[in-house]
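Undergrad: How does the following fold in three dimensions:
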Amino acid sequence: MKTTVTLSDFRDAFTRMGRSDQFTYEGQEVLFDFLEEMEQSTGEESELDVISLCCDFYESSPEEIAKSYGVDLSECETNEERMEAAREYLDGETMVADATSGSIIYKAF
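TA: Presented below is the predicted three-dimensional model:
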């Protein structure tokens, strides 16, 4: 028996598991959309496992990404340029779900 999960259900699952602060409100929507897109493109349904998602995906600002992975943002003058540089780095290393207004959701590596 299967249940279709809506964005609201997805967010509620994070709250029930005590993980509502793992991703921002906007980040949860980005991750939800990414997972739905993956299901559609592969034809494989996935199980909603909040703990696994919290281990498998991160949401970080460009500055956090730069600090964690040694990405040089010194030439970037705007937030948009910092986001682009961080995303470009992550695209070369892992799977990127998408970006929010101030962070990037990506698969742990």
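
Undergrad: all contacts plus neighbour counts: C-alpha atoms, from now on.
TA: Noted.

Undergrad: how close does V50 sit to L31?
TA: 11 Å (C-alpha to C-alpha, to the nearest Å).

Undergrad: Which one of these two is surrounded by more residues?
TA: The neighbour count for V50 versus L31, taken as other C-alpha atoms under 10 Å, is higher for L31 (24 against 20).

Undergrad: Can you give me the buried ones in the helix or strand harbouring the more buried one?
TA: Using DSSP states H and E, L31 falls within helix 25-42. Buried residues in helix 25-42, counted by 16 or more other C-alpha atoms under 10 Å: 27-32, 34-35.

Undergrad: Could you pull out the strands in the protein for me?
TA: Using DSSP state E, the strands of the chain run over 57-60, 96-99, 104-107.

Undergrad: can you redo these as a markdown table with mean neighbour count and mean pLDDT?
TA: Listed next are those as a markdown table, based on neighbours: other C-alpha atoms under 10 Å; pLDDT from 0 to 100:
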| stretch | mean neighbour count | mean pLDDT |
| --- | --- | --- |
| strand 57-60 | 21 | 98 |
| strand 96-99 | 20 | 98 |
| strand 104-107 | 22 | 98 |
